[in-house]
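Engineer: Sequence first, predicted model second:
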Amino acid sequence: MEQTLQLESNISKDYYKVGGKVILTAHFLLKRGSCCNSGCKHCPYKKKSEIVSSVIKKFISLPKNIYTMKFQPNGNWILIPDPTKTKTESGIILGEEAAKSQSTNILTVLKVGPDCTFVKENDTVLIDPRTEAVRSSIEGTNYLLIQEFQVLGLF
């Protein structure tokens, strides 16, 4: 049976109600200033264990050949993993729209060119989502090459 989300008319930026329960939004929780440790659905504050876990997960998911790769970008070019996923971890093949929704623009920098001044190898960066990149297969793995100015910031 499909459950329909009924939102009440007194919805605000701070909360909404589902089945009589008040759900606080990330907007409200950010205004609050800190985590209350109640397990809020939209909590914008990550616990240290979650941050460490996500960093370890990113490290483990780096391509196996990255440390032996002979490729070195030129100028201010940056090599990042290709975030395009064509199938899920369970093997389900994704259509084009679903694949787009599964990709991310927060990536780990794998290699940097000698003229890069802001970004270093192993930095986690936010890439401009409007960026056009050069897709390339290097030693059998797909990567993207972007220029340093396409990086919006570091984490």
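Structural biologist: All right, it came through fine.
Engineer: what's the top strand by length along the chain packed up against?
Structural biologist: Ranked by number of residues, the top strand in the chain under DSSP state E is strand 141-147. Secondary-structure packing of strand 141-147 (3 or more CB pairs under 8 Å, 6 or more residues apart in numbering; DSSP states H and E): strand 77-81, strand 134-138. C-beta coordinates here come from the backbone N, C-alpha and C atoms, glycine included.
Engineer: That strand to strand 77-81, inter-axis angle?
Structural biologist: Orientation of strand 141-147 against strand 77-81 (axes from the mean of the first three to the mean of the last three CA atoms, to 10 degrees) gives an angle of 140 degrees.
Engineer: burial count for C43?
Structural biologist: Neighbour count for C43, taken as other CB atoms under 10 Å: 16.
Engineer: Can you show me the helices along this structure?
Structural biologist: Counting by DSSP state H, the segments of the chain that form helices are 26-32, 48-60, 96-102.
Engineer: Now the weakest link among those helices, please, by mean pLDDT.
Structural biologist: Among these, helix 48-60 carries the lowest mean pLDDT, a mean of 50.
Engineer: mind checking which helix or strand of this structure has the lowest mean pLDDT?
Structural biologist: Least confident helix or strand, the chain: helix 48-60 with a mean of 50, by mean pLDDT, DSSP states H and E.
Engineer: The most centrally placed residue in the chain - nearest residue in space that isn't next to it in sequence?
Structural biologist: The chain has I106 as the residue nearest its centroid, 3.7 Å off, counting by CA atoms, centre = their mean. Spatial nearest neighbour of I106, excluding adjacent residues (CB to CB, 6 or more residues apart in numbering): L126 at 5.6 Å.
Engineer: Look up which residues are beta-bridged to that neighbour.
Structural biologist: I106, G153 (DSSP bridges).
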